[in-house]
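Enquirer: sequence below, structure please.
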Amino acid sequence: MQPQPQAGGRSSGAGPLGSHGRLGPLRPVPHRSLRPWAGARLGGAGGGVGELWLAGPGSVVDAGAWGTRTLDELAAAAGAALVGRRGMALLGPRFPLLVKLIDAAAWLSLQVHPSDELAAELYGPGTLGKAEAWLVLDADPDAVLITGPRRDLAEAALRAAIRDGAVGREHCEERPCVPGDALMLEPGTMHAIGAGAFVYEIEQPADLTFRMSDWGRPATAERRLHVEESLRAIRPAAHAVPVGHAWRLDGGALTAREFRLELADVPLAGTRAPAGESPEVVTAIRGRLELAGDGWREALEPYETVVVPASIAEYRVEGAAGALACIGSVP
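Expert: Numbering: from 1, shown residues only. Reported below is the predicted structural model:
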């Protein structure tokens, strides 16, 4: 259910340092995922790139003395040196985050993600559901997001529409898609990203998606509808929760059980200290950034990503005033 990235690429700067047990910064190879609703912002030969997976369990990294591995393979080998005490407590020696960009020229499917409990029941122990958060990076003037069912819609009517294959926008709550807005979506929330939206997404390291409508696009083996699964996963009372606007998160950070998201202004981001607690997935959102630690330096252009292992004691985020980074970690 999770596409695997293509091997290749290289890390800039010093890269991973030393022998086993000591890791330096890791530069994942982005994975381009072709989607029928894709826009043109993420490039790729012939277009069609709807999602760019920046860092996740299947992302390939050059880990120096550890070799070329996926982040999940490296987590299994390095344990807390990569994922930290918090990552080990949350998922054990597995890479605990997934970060991606989504570029929509047409509507994504109307969908829902299961809870961990339902995912494990349906697909076996250790299978994760998906909580996620969105940060709107850009949007056409008329772009909207579906953030749950229409609030005056009876649950029986919603379930009947899903079961009959008739669920549509008339059953949904919509909100304008505004750059700088952030929303949290718990498992069970019916949702969709609308045409013209460009979104940064942080989520649990899984890609279990149940489609209840694909807006009339022909079903294929890879893109089928999941009526029964959707009916089990959906929580009709759940809606996406606004957690920030104007490029600021309420309370300074979004902290869920599964992940933490910060929007770090440069130079206010200053010195950061993973210090054995959690990896940090740093993505340049606006402007050019540089990350600098003990004997290493990594430059990031907009939408490039570096994973800072938990074993790095501290590092600095540098750049021109006005630069902005998304930093994902384990709470």
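Enquirer: going forward, measure contacts between C-alpha atoms and count neighbours the same way
Expert: Noted.
Enquirer: all the strands of the stretch 151-300 of the chain, in order from the start?
Expert: In the stretch 151-300 of the chain, the strands defined using DSSP state E, counting those that start in this stretch lie at 172-176, 182-185, 192-193, 197-203, 210-213, 241-245, 248-249, 254-255, 260-265, 271-272, 280-286, 289-293, 296-300.
Enquirer: closest to L54 out of these?
Expert: Proximity to L54 (Cα to Cα) singles out strand 280-286 among the strands of the stretch 151-300 of the chain, at 8.4 Å.
Enquirer: contacts for that closest one, please.
Expert: Applying Cα atoms under 8 Å, 6 or more residues apart in numbering, the contact partners of strand 280-286 are 55, 274, 300-310, 322-330.
Enquirer: hmm, back to that, show me the one of the strands of the stretch 151-300 of the chain that comes nearest A40.
Expert: Ranking these by proximity to A40 (Cα to Cα) places strand 197-203 first, at 10.3 Å.
Enquirer: what's the angle between that closest one and strand 260-265?
Expert: Relative orientation of strand 197-203 versus strand 260-265 (axes from the mean of the first three to the mean of the last three Cα atoms, to 10 degrees): 130 degrees.
Enquirer: CA atoms only: put strand 197-203 into CSV for me.
Expert: What follows is strand 197-203, C-alpha atoms only, in CSV (Å, rounded to 0.1, in the frame of the first residue of the first chain):
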residue,chain,number,x,y,z
ALA,A,197,-4.4,23.2,-3.8
PHE,A,198,-0.7,22.7,-3.0
VAL,A,199,-0.3,21.1,0.5
TYR,A,200,2.5,20.0,2.8
GLU,A,201,1.4,16.9,4.7
ILE,A,202,2.8,15.2,7.8
GLU,A,203,1.4,11.9,9.0
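Enquirer: so which other helices or strands are in contact with that strand?
Expert: For strand 197-203, the packing partners by 3 or more Cα pairs under 8 Å, 6 or more residues apart in numbering; DSSP states H and E come out as strand 98-103, strand 132-139.
Enquirer: which of these is buried the deepest?
Expert: Per residue and on average, the most neighbours among those fall to strand 98-103, with a mean of 24 (mean count of other Cα atoms under 10 Å).
Enquirer: just the element for M88, please.
Expert: Using DSSP states H and E, M88 maps to helix 80-91.
Enquirer: now do the buried residues in that helix.
Expert: Residues A80, A81, L82, V83, G84, R85, R86, G87, M88, L90 are the ones in helix 80-91 that count as buried (16 or more other Cα atoms under 10 Å).
Enquirer: check stretch 40-55 too.
Expert: Across stretch 40-55, burial judged by 16+ other Cα under 10 Å covers R41, L42, G48, V49, G50, E51, L52, W53, L54, A55.
Enquirer: Provide the contact partners of it at residue level.
Expert: With Cα under 8 Å, 6+ apart, stretch 40-55 has contacts from 28-39, 59, 97-105, 281, 304-305, 307.
Enquirer: among those, which ones are buried?
Expert: Using 16+ other Cα under 10 Å as the burial test, the contacts of stretch 40-55 include 28-33, 35, 37-39, 59, 97-105, 281, 304-305, 307 as buried.
Enquirer: circling back: as JSON lines, the strands of the stretch 151-300 of the chain with distance to P114 would be great.
Expert: What follows is those, written out as JSON lines (distance: least, Cα to Cα, whole Å):
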{"stretch": "strand 172-176", "distance to P114": "19"}
{"stretch": "strand 182-185", "distance to P114": "11"}
{"stretch": "strand 192-193", "distance to P114": "15"}
{"stretch": "strand 197-203", "distance to P114": "13"}
{"stretch": "strand 210-213", "distance to P114": "8"}
{"stretch": "strand 241-245", "distance to P114": "17"}
{"stretch": "strand 248-249", "distance to P114": "25"}
{"stretch": "strand 254-255", "distance to P114": "20"}
{"stretch": "strand 260-265", "distance to P114": "20"}
{"stretch": "strand 271-272", "distance to P114": "34"}
{"stretch": "strand 280-286", "distance to P114": "24"}
{"stretch": "strand 289-293", "distance to P114": "36"}
{"stretch": "strand 296-300", "distance to P114": "34"}
